[in-house]
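Student: Make a model of this:
(one chain, ligands or ions: 1)
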Amino acid sequence: MMTRPDAQPTASHFINGAYVEDAAGEVIECVYPATGEVVARVHAATPQIVERALAAAAAAQKDWAAMTGTERGRVLRRAAEIMRARNRELSELETLDTGKPLQETLVADATSAADALEWFGGLAGSLRGEHVQLGRDWAYTIREPLGVCVGIGAWNYPTQIAAWKGAPALACGNTMVFKPSETTPLCALKVAEILTEAGAPPGVYNVVQGMGAVGAALVGDARVAKVSLTGSVPTGRKVYAAAADARRHVTMELGGKSPLIVFDDADLDAAVGGAINGNFYSSGQVCSNGTRVFVAPDIKERFLDRLVERLSGVVMGDPLDEAVNFGPMVSEDQMKIVGGYIARGIEEGARLVTGGGRVNRPGYFLQPTVFADVTDGMTIAREEIFGPVMSVLDFETEDEVVARANATPFGLSAGVFTADLTRGHRVARAFEAGSCWINAYNLTPVEVPFGGSKLSGVGRENGLAAIEHFSQLKTVYVGMGGVDAPY
Ligand code: NDP
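Tutor: The predicted model follows:
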């Protein structure tokens, strides 16, 4: 039995630079998915807590924006350093919050959050408008913050999502109220605590707990200028509609059903590795996963054999044990949903190559599951499963497979494995998706934009693109002489 760190936070919310409690809010139990035990309890925000958080963010915004970008950036970079220094503790908390193996969280969560804080911190001092000469007259643009931003997170990457939204928002001079998923309430509080320790003034970054109703209350508040959501397509639709009503800016990072095409000239081991990362990392609970794997007929059986062989390297157990490389589903509900999809795959005639069931141990573990001979119409090929279920489909020609890859209402990600340089670029160009990979999969460094097209999203996170989504330009036209008027 591993010794388990204490996960109980100081209080449920973080507002105006300090932990805040209001026990009147509904209790949210944080369950360790590897055992089903409750490891922490927080309270959902009451209307008073929501009000306090929004008021704090609104009060802090002008002074935060009045600091120079370099000063704001220094706070973010200091926060990145603290986060790296505390990586193990934060990773353990992420593991308790989500059930993801510590082996993963040590390298993918607080580290990615620190990257975002460092990168946007470095950028903050260089944000600027432009000068445009117009003959005798001229104009310039001023890059201004939007104001109070609301961030709403999903449960799969609670630290990363809190920082991917917070870092660019704060770099641009906005303040934020962040609501984590009720399933994973713990990690965002640490982001707030660390930003404060790094020198962020009170109110600049606040966290409130709660279910959808708290999210909806934040989105509907008149002080809010922008909403950035990571979540499912149905929630995205509701939040987008609510935000549109008041003309708020939005970023929507939503679900997907992404294709991964493996041509017969691909490096087989690299393609199998890409398919493993794109289906089984975080036990498949990744929005950009390439869950429809189209494999060329000549290599299909070799691909499947190698995949099954490599999956024998899966080590399940307590995710706090660093030797474990495959964790449970985040919750019992999610396990049931994914289990339902596996049953559907079998019913609809897909060939179960490996996995297919629950694992006989405590917690919400499902086996990594691979289906072959999947056809486009099957439920498992159409709907986002958000679990460790890979569908392998056959194809004949490049044109056909690209058309089928794009025949989905989603458009988050897509990947292609091939040794043919021109084909790789041609296929990437043809994909209807926001984030594409050639001979790689699921790598999302903060330096490059990430986000979806079609139903998968609006706007982009990360890269310079995120700045455009957390700031707006004011144009100032300067007349240098008299004014011509018709009468
Ligand atoms: P949900 O859509 O269920 O929830 C997302 C967040 O929105 C939660 O914090 C939720 O609160 C909140 N919420 C729910 N209803 C409302 C509302 N009416 N107004 C405001 N906020 C609301 O997603 P999950 O948490 O189940 O996450 C899984 C989904 O997220 C998958 O579809 C996945 O593809 C997507 N995702 C997308 C990513 C991307 O970058 N594109 C990355 C990661 C995940 P609560 O749950 O507490 O009730």
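Student: quick one: buried residues of stretch 58-70?
Tutor: Residues 58, 60-61, 64-65, 69 are the ones in stretch 58-70 that count as buried (16 or more other C-beta atoms under 10 Å). To be clear about C-beta, it is placed using only N, CA and C from the backbone, and glycine gets the same treatment.
Student: typed the wrong thing, it's stretch 243-263
Tutor: For stretch 243-263, the neighbour count (16+ other C-beta under 10 Å) marks 243, 248-263 as buried.
Student: Helices - which of those residues land there?
Tutor: Residues of the buried residues of stretch 243-263 located in helices (DSSP state H): residue 243.
Student: So which of the buried residues of stretch 243-263 sit within strands?
Tutor: Counting by DSSP state E, the part of the buried residues of stretch 243-263 found in strands is 249-253, 259-262.
Student: Helix, strand, or coil at the residue of the stretch 101-250 of the chain found nearest the ligand?
Tutor: Residue of the stretch 101-250 of the chain nearest the ligand, by C-beta to the nearest ligand atom: residue 215 (2.3 Å). Following DSSP: H, G, I helix; E, B strand; the rest coil, we place residue 215 in the helix state.
Student: how many other residues sit next to residue 421?
Tutor: Number of residues near residue 421 (other C-beta atoms under 10 Å) recorded here: 10.
Student: Near the ligand, which residues of the protein are found?
Tutor: 152-156, 179, 181-182, 211-212, 215-216, 219, 230-232, 235, 238-239, 253-256, 287, 384, 386, 412, 452, 457 (C-beta under 6 Å from any ligand atom).
Student: Just the buried ones from those residues?
Tutor: Listed as buried from these are 152-156, 179, 181-182, 215-216, 219, 230-231, 235, 239, 253-256, 287, 384, 386, 412, 452, 457; burial here means 16+ other C-beta under 10 Å.
Student: Could you tell me how many residues sit around residue 19?
Tutor: The tally of other residues near residue 19 (other C-beta under 10 Å) stands at 16.
Student: Could you say which helix or strand holds the residue nearest to it when sequence neighbours are not counted?
Tutor: Spatial nearest neighbour of residue 19, chain neighbours left out: residue 11 (3.7 Å); criterion: C-beta to C-beta, 6 or more residues apart in numbering. When secondary structure is defined by DSSP states H and E, residue 11 falls outside every helix and strand.
Student: which ones are touching residue 11?
Tutor: Going by C-beta atoms under 8 Å, 6 or more residues apart in numbering, residue 11 touches 19-21.
Student: For the stretch 351-487 of the chain, which residues score under the pLDDT cut-off?
Tutor: By pLDDT under 70, the stretch 351-487 of the chain has no low-scoring segment.
Student: what about the strands in it?
Tutor: 351-354, 369-374, 389-394, 410-411, 413-417, 435-438, 453-454, 457-458, 471-478 (DSSP state E, counting those that start in this stretch).
Student: Among these, show me which one is buried the most.
Tutor: strand 413-417 (a mean of 30; mean count of other C-beta atoms under 10 Å).
Student: on contacts alone, who are the packing partners of that one?
Tutor: The contact analysis (3 or more C-beta pairs under 8 Å, 6 or more residues apart in numbering; DSSP states H and E) places strand 413-417 against strand 259-262, helix 268-280, helix 421-430, strand 435-438.
Student: Pull it out as PDB, backbone CA atoms only.
Tutor: Output in PDB follows, covering the C-alpha atoms of strand 413-417 (Å, rounded to 0.1, in the frame of the first residue of the first chain):
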ATOM      1  CA  SER A 413      -7.300  16.700 -34.500                       C
ATOM      2  CA  ALA A 414      -6.000  14.400 -37.100                       C
ATOM      3  CA  GLY A 415      -2.800  12.400 -37.800                       C
ATOM      4  CA  VAL A 416      -1.000  10.700 -40.600                       C
ATOM      5  CA  PHE A 417       1.900   8.300 -40.600                       C
END
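Student: Would you give the sheet partners of it, along with the direction of each?
Tutor: Sheet pairing here is set by DSSP bridges, and for strand 413-417 it gives strand 259-262 (parallel), strand 435-438 (parallel).
Student: Just tell me which of the ones you listed ends up closest to residue 148.
Tutor: strand 435-438 (28.4 Å; C-beta to C-beta).
Student: Would you check that residue 186 makes contact with residue 96?
Tutor: Yes: the pair residue 186 and residue 96 qualifies as a contact (C-beta atoms under 8 Å) at a distance of 7.1 Å.
Student: what touches both of these two?
Tutor: Listed as contacting both residue 186 and residue 96 by C-beta under 8 Å, 6+ apart are 7, 30, 40.
Student: Does the residue minimising distance to the centre of the chain lie in a helix or a strand, and which?
Tutor: Taking C-alpha atoms, centre = their mean, the centroid of the chain lies closest to residue 161, which sits 5.1 Å from it. Assigned by DSSP H and E, residue 161 belongs to helix 158-171.
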